[in-house]
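below are the sequence and a predicted model for it; my questions follow.
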Amino acid sequence: MSDSSPHQADGQSPEDSIYRLLANPRRRQAVWVLAMADNYEMTIQQLASHLTAYEEETPISELARSDITTVRTSLKRYHIGPLSALDILNVEWGTVSPGARFFGAVRMILYAQEWSYERQIS
């Protein structure tokens, strides 16, 4: 008899696994940056540049190459693999694009985002 349960071998649903992955701020921002990209596609280098600019609150043109390289290395070693394994991202020939679960991950980020409204209502 086959198990048609939506849970993975570790007992977590895919949604739980995605939520746990997105607990990491760099992974959340990587997904968000890709969501804002033209045609939902960019190279790992471009993704690293945008993430570095976000994290350092500095325009891309003013970033040190070594800082971008550090973020790119981190993406390749620790972040892109798990996001790809859960089909949030596809990576081919150094280009990152959405996987089948990408837009569900974007939705999770939006729902979990803390929003503040500064305007006074009288």
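On my side now, so go ahead.

nearest residue to the most centrally placed residue in the chain in space, please, no chain neighbours.
The centre of the chain sits closest to V31, judged by C-alpha atoms, centre = their mean, with a distance of 2.6 Å. Distances taken as C-beta to C-beta, 6 or more residues apart in numbering place A105 nearest to V31, at 5.3 Å, with adjacent residues excluded. C-betas here are computed from N, CA, C, even on glycine.

who touches the one you found in this structure?
Counting by C-beta atoms under 8 Å, 6 or more residues apart in numbering, A105 touches I18, L22, V31, I88.

try 10 Å this time
Shown in contact with A105 (C-beta atoms under 10 Å, 6 or more residues apart in numbering): 15, 18-19, 21-22, 27-28, 31-32, 34-35, 83, 86-89, 98-99.

what helix or strand is it on?
Per DSSP states H and E: A105 is located in helix 102-112.

and that helix, what's its mean pLDDT?
Summarised as a single mean, pLDDT over helix 102-112 is 91.

okay, now the closest residue in space to H79 that isn't next to it in sequence: neighbour count?
Nearest residue to H79, sequence neighbours excluded (C-beta to C-beta, 6+ apart): R27, at 5.2 Å. R27 has 22 neighbours, counted by other C-beta atoms under 10 Å.

give me every residue that touches R27.
With contact taken as C-beta under 10 Å, 6+ apart, R27 is in contact with I18, L21, L75, Y78, H79, I80, P82, L83, I88, L89, A105, I109.

narrow those residues to those in helices?
Here DSSP state H is the test, and these give I18, L21, I80, P82, L83, A105, I109 as lying in helices.

for those residues, give me JSON lines that also has distance to Y40.
JSON lines is the format used below for those (distance: C-beta to C-beta, whole Å):
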{"residue": "I18", "distance to Y40": "17"}
{"residue": "L21", "distance to Y40": "18"}
{"residue": "I80", "distance to Y40": "15"}
{"residue": "P82", "distance to Y40": "19"}
{"residue": "L83", "distance to Y40": "14"}
{"residue": "A105", "distance to Y40": "12"}
{"residue": "I109", "distance to Y40": "14"}
